[in-house]
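Q: structure here, sequence nowhere to be found:
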């Protein structure tokens, strides 16, 4: 009895397909460019908007950097929309500028800073639709071992201004990353 998966009738074809799926799941890129038009997923990023996309993302990172350096919560939240969705690094959801701004004000007034001196850097920025930018920005603490995080930001353009619509912050802990563990396993 022959195995039949998506038109494949022999074990070699099935094995090759399953191998490519496993490689894809582990994080390695599987190219289908030379296999015909098997992948019908659209590429959403608009490369013609790249200059604006990069400038807006860099501007946000710079705004956050300067606000953290001056412990200015109002400046930190300057680009947040009134109905911003803010996912904290530890799983809480805060809805609305007023709520997150009040939290950021309290955090930045503490005697011991919640976020130590840090460097903000844009990791990637894309424009999946007109007037929309999705960017990932890392806040890397300058002190070794201090709390660092990376955030995924969604910005939306309204009347010539870019507003933060949503953000999800995630702590950086390379030791718990599957990709780091996978690379360490491959190196040994």
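A: In hand now; what should we look at? Predicted, not measured: the structure shown is a model, and the values here were computed from it.

Q: got the residue ranges for the strands in the chain?
A: For the chain, the strands defined by DSSP state E cover 80-87, 93-95, 118-129, 132-141, 149-158, 161-171.

Q: which helix runs longest in the protein?
A: Ranked by residue count under DSSP state H, the longest helix found in the chain is helix 50-69.

Q: what residues does that one touch?
A: Residues outside helix 50-69 that contact it (CB atoms under 8 Å, 6 or more residues apart in numbering): 72-73, 75-76, 78-79, 115, 117-122, 125-127, 133, 135, 137, 139, 153, 155, 162, 164. All C-beta atoms are positioned from the backbone trio N, CA, C, and that covers glycine.

Q: rerun that using 6 Å as the cut-off
A: Helix 50-69 has contacts (CB atoms under 6 Å, 6 or more residues apart in numbering) with 75, 76, 120, 122, 125, 127, 133, 135, 137, 162.

Q: and these as TSV, adding distance to residue 176 and neighbour count?
A: TSV is the format used below for the contacts of helix 50-69 (distance: CB to CB, whole Å; neighbours: other CB atoms under 10 Å):
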residue	distance to residue 176	neighbour count
75	32	17
76	27	23
120	22	19
122	23	19
125	26	24
127	31	24
133	29	25
135	23	23
137	20	23
162	33	20
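
Q: biggest separation within these, which pair?
A: Across those, the two members that end up farthest from each other (CB to CB) are 75 and 127, 25.2 Å apart.

Q: distance of residue 109 relative to residue 133?
A: According to CB to CB, to the nearest Å, residue 109 stands 31 Å off from residue 133.

Q: for stretch 149-167, measure first residue to last.
A: Stretch 149-167 has an end-to-end distance of 12 Å (criterion: CA to CA, to the nearest Å).

Q: fine by me, thanks again.
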